[in-house]
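# okay, here's the prediction I keep looking at, along with the sequence it came from:
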Amino acid sequence: MQKTARAALGVLSAVAALSAVAVPAAMADQAPAAKYHAPAGAHLKLTLFAAAPAGYAHPDDLTRLGNVVYVAYQNNAGADGTPAGSKSDIVGFDVKSGKVLRHWTLPGRVDGLTADPRHHRLLATVNEDLNSSLYTITVTRTSGTVKHYHYSPSPAQTGSDGTNGGTDALSVTANGAVYVAHSNPDTSLPGVNNTAATYTLKLSGSTAKLTRLYGVNDTATVINPAKGAPAKAKLGLTDPDSNRWIPGRDGGTLIQDAQADSKLVYASDLDAKHPTVRQLNLVNAKTPAKGAATPQLDDIERVSGDGTLFVVDSAAGKIYRADTKGGRPGTLFASQPAPKDGDLPNDPALAVVDQRTGVVTHLNVNVTLQSPKGLLFVPDDNR
């Protein structure tokens, strides 16, 4: 795999320039500033890492703990955990061979899955739209201990359109701080509606305590304002989804993807009482086949250098990998899944994001991706 993948990724050194981080000061020293114009035929070589084990379907999020890649299979569970008896399966694969090493079953639909290396455990959120809760799995050599937590306060809120809200993606920092997306926030609440977009999370007993990091309608600097538009604007978030923590000064930077809102939110100065918040409006480099629309990103992942990028194709039940040798550190990859009923038109694709302009450019790959979702980068040094 490595030889052919590296040859195919020769163009990635040019593609990677799309990732130029122009924005949060805390990230300015972590990626080069450059512009990018997509070369014709830019190509990324994907090879199969693992197909869904028998009886499992719809892989979504994935993470890595030690030498094991863990993947959440949502099967046919609904976003609120229905119907009764719905379950998700978390499967651990050897990072090199793809051999199945471990397996756990959790009730409901696992939407967020990440690793907490300091405690040698996995964190998994279930049911992103409603009936949400959290599980930890403390991994042992042959198995693991599963613990269930209930949120306080509940991420569900009642407005004029009923009760909505749950949790989705999680990110864990080097010092163990945990951030979690407030998925499906209720935007019909009475009065000034500025519910949390992202929470900090702390575990105590059987309680997962949520504390608002910033709100869905906080005012934030616009990284790429349109000509004549104000330099600051309210976030106006309705769909916080995947996130990634990037190490750096003053606590680093958390990048939060708001899928249906077609924007990325950068929260930096995380060690401060109130983070500095910026927003990047996204636009497709190429108009989708079924009509003009802004990008709907499911996941984002920053590649820091040589290593392996894992790509989940949820609809196909497959996980692919690609060698990132030759790519520029700081490249931000993104997945665009197949649209569901009611979603804006989007062509399923693996893409890269220009973090100055917000342009999302699709990569040509050697397989037909039906609905790419979870992304994971594992550096060659495996740290």
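Structure's in. What do you need? Numbers count the residues shown, from 1 in each chain.

# low pLDDT regions in the stretch 151-300 of the chain?
Counting by pLDDT under 70, not a single residue of the stretch 151-300 of the chain qualifies.

# my read: residue 302 touches residue 332, true?
Yes: counting by C-beta atoms under 8 Å, residue 302 touches residue 332, with 5.3 Å between them. (C-beta placed from N, C-alpha, C; glycine too.)

# in stretch 231-248, what counts as buried?
235, 237, 239-246, 248 (16 or more other C-beta atoms under 10 Å).

# need those in CSV (columns: secondary structure).
Below are those laid out as CSV (DSSP: H, G, I helix; E, B strand; the rest coil):
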residue, secondary structure
235, coil
237, coil
239, coil
240, strand
241, strand
242, strand
243, strand
244, strand
245, strand
246, strand
248, coil
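
# closest one of these to residue 194?
Taking C-beta to C-beta as the measure, residue 194 lies nearest residue 235 of the buried residues of stretch 231-248, at 9.3 Å.

# which non-adjacent residue is nearest residue 309?
residue 322 (4.9 Å; C-beta to C-beta, 6 or more residues apart in numbering).

# ok, now residue 274?
The shortest distance from residue 274 to any non-neighbouring residue, by C-beta to C-beta, 6+ apart, is to residue 214 (7.8 Å).

# all helices of the chain, in order?
In the chain, the helices defined using DSSP state H lie at 2-8, 12-15.

# the ones you listed: lowest mean pLDDT?
Mean pLDDT is lowest for helix 2-8 out of the helices of the chain, coming in at a mean of 33.

# which residues touch stretch 84-93?
Contacts with stretch 84-93, where a contact means C-beta atoms under 8 Å, 6 or more residues apart in numbering, come from 49-50, 53, 56, 68-78, 99-110, 113, 122, 124, 126, 137, 319.

# now it - C-alpha only, PDB.
Coordinates of each C-alpha in stretch 84-93 appear next as PDB, following Å, rounded to 0.1, in the frame of the first residue of the first chain:
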ATOM      1  CA  ALA A  84     -36.400   0.700  21.200                       C
ATOM      2  CA  GLY A  85     -33.600  -1.800  21.300                       C
ATOM      3  CA  SER A  86     -31.400   0.100  18.800                       C
ATOM      4  CA  LYS A  87     -27.700  -0.300  19.400                       C
ATOM      5  CA  SER A  88     -24.300   0.700  18.100                       C
ATOM      6  CA  ASP A  89     -21.100  -1.500  17.900                       C
ATOM      7  CA  ILE A  90     -17.600  -0.100  18.700                       C
ATOM      8  CA  VAL A  91     -15.000  -2.200  17.000                       C
ATOM      9  CA  GLY A  92     -11.200  -2.000  17.600                       C
ATOM     10  CA  PHE A  93      -8.900  -2.800  14.600                       C
END
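
# OK, contacts around the nearest residue to residue 109 once chain neighbours are set aside?
Ranked by C-beta to C-beta, 6+ apart and with sequence neighbours excluded, the top spatial neighbour of residue 109 is residue 77, at 3.6 Å. By C-beta under 8 Å, 6+ apart, the residues touching residue 77 are 86-88, 108-109.

# and the residue nearest the centre of this structure?
residue 242 (3.1 Å; C-alpha atoms, centre = their mean).

# show me the strands in the stretch 51-200 of the chain, by range?
In the stretch 51-200 of the chain, the segments counted as strands under DSSP state E, counting those that start in this stretch are 59-65, 68-73, 87-94, 100-107, 110-116, 121-126, 133-139, 144-152, 157-159, 162-164, 166-172, 178-183, 196-204.

# of all those, which lies closest to residue 336?
Between these, strand 59-65 lies closest to residue 336; by C-beta to C-beta that is 14.5 Å.

# partner strands of the closest one and their direction?
The sheet places strand 59-65 alongside strand 68-73 (antiparallel), with pairing taken from DSSP bridges.

# and the contacts of the strand it pairs with?
By C-beta under 8 Å, 6+ apart, the residues outside strand 68-73 that reach it are 49-50, 52, 56-64, 88-95, 101-102, 110-111, 113, 115, 122, 124, 139, 310, 312, 319, 374, 376, 378.

# quick one: mean pLDDT for it?
98.

# just checking the distance from it to the centre of its chain.
14 Å (C-alpha atoms, centre = their mean, to the nearest Å).

# quick check: angle from that strand to strand 133-139?
150 degrees (axes from the mean of the first three to the mean of the last three C-alpha atoms, to 10 degrees).

# okay, the angle between strand 68-73 and strand 100-107?
Going by the same axes, to 10 degrees, strand 68-73 makes 40 degrees with strand 100-107.

# in strand 68-73, what's buried?
For strand 68-73, the neighbour count (16+ other C-beta under 10 Å) marks 68-73 as buried.

# check the buried residues of stretch 231-248 and tell me the two furthest apart.
Maximum distance among these (C-beta to C-beta): 26.0 Å, for 239 and 248.

# how near is the nearest residue to residue 374 once chain neighbours are set aside to residue 222?
The shortest distance from residue 374 to any non-neighbouring residue, by C-beta to C-beta, 6+ apart, is to residue 312 (3.9 Å). Note on residue 312: its distance to residue 222, by C-beta to C-beta, to the nearest Å, is 31 Å.

# quick one: residue 79 and residue 132 touch, right?
No: at 9.7 Å, residue 79 and residue 132 do not qualify as touching, with contact defined as C-beta under 8 Å.

# so what's in contact with the two at the same time?
residue 166.

# neighbour count winner among these two?
Using other C-beta atoms under 10 Å as the criterion, residue 79 and residue 132 rank with residue 132 on top: 30 against 19.

# tell me who's in contact with that one.
Counted by C-beta under 8 Å, 6+ apart, residue 132 has contacts 125-126, 151, 154-156, 165-167, 183.

# confidence score at it?
98.

# just give me the neighbour total for the nearest residue to residue 336 once chain neighbours are set aside.
Ranked by C-beta to C-beta, 6+ apart and with sequence neighbours excluded, the top spatial neighbour of residue 336 is residue 349, at 4.8 Å. Other residues within reach of residue 349, judged by other C-beta under 10 Å, total 22.
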